[in-house]
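Asker: This is a predicted model, with the sequence first.
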Amino acid sequence: RALGFLPKRLAVDVPETSVGSIDITMDSFLATMDTVRVRADRDPRMTGLAQFEQRRKLGGGYFIDEVQLNRRNPIFMSDMLRATPGVTVQPAGNVGIGDRIFMRGLAGSGDCIPAVWVNGLLTLNGDGAIDQYVNPQTVRAVELYTRPGSAPLQYRSANGCGSILIWTGYRKPTPR
């Protein structure tokens, strides 16, 4: 036996009085698997944009869709959020390129840095400099929840600030 080879059995006669050697050739073994087929149906209720539309119908936040994005055509993500109620945009200064995003804190505690979720995943946005890691040309929809209690449970921040949900992907051009 040897790894990568088929096991082999041979009968060998070894005389009592002599020493000898024998060469054995083994057939190599190529591991193969049966065909694996994976089949799944996409549940349209579970896509980020379907959830976006559902939450927009319920209200409670501020929603920016593809039509508004195409109309604004922002160069930076902060440009898109500049005219949004409850959001403050300040120059990044020493922090980096672009601007910093703030929201009102819990119980009037002043400006705080919101939690930013991209396609359902929480980002590390400790300094509020959103322009450094989100390209507005790839954004399809944005949800803003300026009060911590108004965000959906799974998107609430632990710091008592609001949440920004960003959904990315191919954006359809607005028909003229």
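Answerer: In hand now; what should we look at? Residues are numbered from 1 along each chain as shown.
Asker: right, and Trp117 touches Trp167 too?
Answerer: No - under the criterion of C-beta atoms under 8 Å, Trp117 lies out of contact with Trp167, with a separation of 9.2 Å. Quick note: C-beta positions are derived from backbone N, CA and C, even for glycine.
Asker: Show the pLDDT at the residue nearest to Pro136 when sequence neighbours are not counted.
Answerer: Spatial nearest neighbour of Pro136, chain neighbours left out: Pro74 (4.4 Å); criterion: C-beta to C-beta, 6 or more residues apart in numbering. The predicted structure scores Pro74 at 87 on the pLDDT scale.
Asker: what about Pro74, neighbour count?
Answerer: Neighbourhood size, Pro74 [other C-beta atoms under 10 Å]: 16.
Asker: before we move on, what about Gly128?
Answerer: Should you count by other C-beta under 10 Å, Gly128 turns out to have 23 residues around it.
Asker: That one is in contact with Met103, isn't it?
Answerer: No - contact between Gly128 and Met103 fails when scored by C-beta under 8 Å: they sit 9.3 Å apart.
Asker: Overlap of the contact sets of these two?
Answerer: With C-beta atoms under 8 Å, 6 or more residues apart in numbering applied, the overlap between the contact sets of Gly128 and Met103 consists of 113-114.
Asker: ok so, going back, distance of the residue nearest to Pro136 relative to Asn135?
Answerer: From Pro74 over to Asn135 the distance is 10 Å, taken as C-beta to C-beta, to the nearest Å.
Asker: repeat for Pro114
Answerer: As judged by C-beta to C-beta, Pro114 and Asn135 stand 19 Å apart.
Asker: show me where this structure has helices.
Answerer: Secondary structure of the chain, counting by DSSP state H: helices at 48-58, 66-72, 77-81.
Asker: Most tightly packed of those?
Answerer: Between the helices of the chain, helix 77-81 has the highest mean count of neighbours, a mean of 22, where neighbours are mean count of other C-beta atoms under 10 Å.
Asker: All set, thanks.
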